[in-house]
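1. Prediction below, plus the sequence it came from.
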Amino acid sequence: MGGQLGGLAGTTTVNISLSDVNDNPPMFDQRLYQMTVQESAPVGSVVGRIWAKDRDIGVNAEMTYSIIDGDGRETFDIRTDPTNLFGIITIKKPLDFESKPSYTLKVEGANSQPDSAQRAPFKDVTIVHVSVEDVDEPPLFDSPSYYVELGEDAEVGTVVRVVSARDPDAANNTVR
């Protein structure tokens, strides 16, 4: 078909598949997260969630979270949720408003996969401030138990033992 229009041409379909490379760093949308938890919350309770957003997709957007500094490293823990996107902050030790009413955590969110250029994980850092809310607690006796010996011939009205208790709350209310 030489010399005819389209005589030496053909057509085909070409499919081009692009694969994502880890070329976008994660970024926390807030430089400071404020969270609140009651002092009576049990160990293991969730305090809150944070998210370092990543414009990559799939495994290149997956995160690992860690507490890298702050006065709450021994009191709180962070784990990555099952989707590998969010960091979940939980209580690791019992809280006591009267001894420490707030904590600061420096949290790092890092890609699980190394970045495409430097072969090291992309990461970002944020601050999490956790305020502990006071809960009205019952009075505490000075001793968990008292032992008293009293003769059977003691007179009516004899003082057997004086016990005392105190209010552990910051308000230090009177105990009757």
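-> The structure has been received and is ready for your questions.

2. confidence score at the residue nearest to residue 79 when sequence neighbours are not counted?
-> Leaving aside its chain neighbours, residue 79 sits nearest to residue 88 (5.5 Å; criterion: CB to CB, 6 or more residues apart in numbering). All C-beta spots, glycine's among them, are computed from the backbone N, C-alpha and C. Here, the pLDDT recorded for residue 88 equals 97.

3. Could you check how far residue 88 is from residue 73?
-> 16 Å (CB to CB, to the nearest Å).

4. Residue 42 too?
-> 20 Å.

5. mind listing what the residue positioned nearest the centre of the chain touches?
-> Compute the mean C-alpha point of the chain, and by CA atoms, centre = their mean the closest residue is residue 89, 1.2 Å away. Contact partners of residue 89, counting by CB atoms under 8 Å, 6 or more residues apart in numbering, are 35, 46-50, 76-78, 105, 107, 128, 130.

6. buried residues in the helix or strand containing residue 104?
-> Assigned by DSSP states H and E, residue 104 falls within strand 102-114. Within strand 102-114, the residues that count as buried by 16 or more other CB atoms under 10 Å are 103, 105-111, 113.

7. cool, stretch 147-162 as well?
-> For stretch 147-162, it's none, nothing buried (16+ other CB under 10 Å).

8. First-to-last residue distance for it?
-> Using CA to CA, to the nearest Å, the gap from the first to the last residue of stretch 147-162 comes to 11 Å.

9. How about residues contacting it?
-> Outside stretch 147-162, the residues touching it (CB under 8 Å, 6+ apart) are residue 146.

10. returning to that earlier point: could I have the buried ones of the contacts of residue 89 as ChimeraX selection syntax?
-> Here is the ChimeraX command that selects the buried residues among those (16+ other CB under 10 Å):
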select :35,47,50,76,77,78,105,107,128,130
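
11. List just the nearest of the contacts of residue 89 to residue 94.
-> residue 76 (11.8 Å; CB to CB).

12. Might you report the residue contacts of residue 35?
-> 47-48, 89, 128-131 are the contacts of residue 35 under CB under 8 Å, 6+ apart.

13. give me the low-pLDDT residue ranges for the chain?
-> Where the chain drops to pLDDT under 70, the residues are 1-3, 6-8, 115-121, 170, 172.
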